[in-house]
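Visitor: The following comprises the amino acid sequence and a computationally predicted model.
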Amino acid sequence: MGGLIWLASYPKSGNTWLRNFLHHLMLNPPQPLLPNQLHKFTLGGDHRGWYDQAHGGPTLLLDEVELAALRPRAQALMTGASPDSVFVKTHSRVGDQGGTPLISPDCSAGAIYVVRDPRDVVLSGADHYGLSVDDMITRMADPAAKLGGNAENVISYLSSWSLHVDSWTGQPSPQLLVLRYEDMEAKPLGTFGAIVRFLGLKVPRDRLDRAIRFSSFKVSQRLEAEHGFRERSDHAQRFFRVGRSGQWRGQLGADQVARIEADHGAVMRRFGYLR
C-alpha cells in the first residue's frame, strides 16, 4: 500500500493543471493524453464509492456525522490503490468534521497545494458553478461553504477561500509543497521542476519539458474542444475557459475588487497578491 499524496486547492485554482502535469510526467506518453483519462491516474478523495466500500453498502442516505465517521476507513482503502504513493485530488479544507479529521494523517504521505489569486478564482468559479460574480464573491467568503453531497460524491467541506488556504498552508511542513498558479504560468520550468524535486524523482530534462508542454492550458483547451471533458459542469460551455492570470482586471468592478480584498486581504498579502 502507498501513502496518499493530496493534490489540494480551492476549486478553480489549478488542481486540474497539476494533475494533468503529473499524469504526463509519470506516464511519459509520446503524445498528449485526453483530459477524460485523468481520473484513471488520480483518485477523487470524496468519491462516494470509497465510502460505500468502507460502509459495506450504499451511503447515500447517511447523514454528515455518519459519513464523517467513515472518512478514515475510506482513505485507508485509497492507500490500497497502489503499492506506491497514491495521488488524490481534494478540494477539502484541513480540519475536523464531527470530531473526525477530514484529511487522515495516518494515511497521508504529503500534499501539494495550489493557491490562485481570488480575484481570478471568482471569475472562473462563477462560470463553472453558474453563479453571478457577486454571488461567487459571497460564496468565497462563506466559512460554511460545501461541495458535493450527491450520488457521485460525498460532501467536501470548503469554508471560505482564506480559511481554506490557511488550513493547508498555515503550518509549514517538509511534507507540503505550496505552489502559486501564477508561477505555474509564468515560470513553468522552475515551478514544475519543484514538484519533481518534492516527489524525490529524477527525470531527464526532455521528459520534464514534454510533460509541461503536453499539460499546457492551450493543449488541454484544444483536447477538450475535440473530445470533451467529463469534469465540465452543466453550467459552463467549457472547463478550460481562459486560464490566464490577471484576467480580473477589466472584468471586475471596483466595488467587487474591494469586496474580495476586504474579505481576503491578509492571505492575499501573504502570497503576494496585494502589497
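Guide: Arrived safely, thanks for sending.

Visitor: Strands of the stretch 151-275 of the chain, start to end?
Guide: 156-157, 176-180 (DSSP state E, counting those that start in this stretch).

Visitor: for the record, mean pLDDT for the first one?
Guide: Averaging the model's pLDDT scores along strand 156-157 yields 96.

Visitor: repeat for the longest one
Guide: Taken as a whole, strand 176-180 carries a mean pLDDT of 98.

Visitor: Return the distance of it from the chain's centre.
Guide: Counting by C-alpha atoms, centre = their mean, to the nearest Å, strand 176-180 is centred 12 Å from the centre of its parent chain.

Visitor: cool, the first one as well?
Guide: Relative to its parent chain, strand 156-157 has a centroid offset of 12 Å by C-alpha atoms, centre = their mean.

Visitor: That one: partners in the sheet, and parallel or antiparallel?
Guide: Paired strands of strand 156-157, with direction, are strand 146-147 (antiparallel) (DSSP bridges).

Visitor: Need the residues that contact the strand it pairs with.
Guide: 11, 46, 91, 153, 155-158 (C-beta atoms under 8 Å, 6 or more residues apart in numbering). C-beta: built from backbone N, CA, C; applies to glycine.

Visitor: So for it, mean pLDDT?
Guide: Per-residue pLDDT over strand 146-147 has a mean of 94.

Visitor: what's the answer for stretch 32-40, then?
Guide: pLDDT averaged over stretch 32-40 gives 79.

Visitor: Specify the beta-bridge partners of the closest residue to Arg71 other than its chain neighbours.
Guide: Excluding the flanking residues, the one nearest Arg71 by C-beta to C-beta, 6 or more residues apart in numbering is Thr100, at 5.5 Å. For Thr100, the beta-bridge partners under DSSP bridges are Gln97.

Visitor: Any chance of the backbone angles for Gly110?
Guide: phi 170, psi -180 (degrees, to the nearest 10).

Visitor: does it really touch Ala8, like I thought?
Guide: No. Contact between Gly110 and Ala8 fails when scored by C-beta atoms under 8 Å: they sit 10.6 Å apart.

Visitor: Neighbour count: those two, which is higher?
Guide: Each of Gly110 and Ala8 has its neighbours counted (other C-beta atoms under 10 Å); Ala8 has more, 28 against 16.

Visitor: Pull up the gap between the residue nearest to Arg71 and Val257, please.
Guide: 38 Å (C-beta to C-beta, to the nearest Å).

Visitor: Isn't the residue nearest to Arg71 up against Pro72?
Guide: Yes. The pair Thr100 / Pro72 is scored as a contact, 6.6 Å apart, by C-beta under 8 Å.

Visitor: Contact partners for Gly149?
Guide: Contacts of Gly149 (C-beta under 8 Å, 6+ apart): Ile155.

Visitor: Quick check on it: phi, psi?
Guide: phi 80, psi 40.

Visitor: same deal with Leu43?
Guide: According to degrees, to the nearest 10, Leu43 has phi -80, psi 160.

Visitor: what about this protein, any weak spots by pLDDT?
Guide: For the chain, the stretches with pLDDT under 70 are 1, 226, 228-243.

Visitor: switch to 90 and redo it
Guide: Applying pLDDT under 90 to the chain flags residues 1-2, 16, 33-41, 81-84, 97-98, 127-128, 171-172, 215-246, 250, 275.

Visitor: from what I can see Phe217 touches Thr16, true?
Guide: No. Look at Phe217 against Thr16 with C-beta under 8 Å: they stay out of range, at 9.9 Å.
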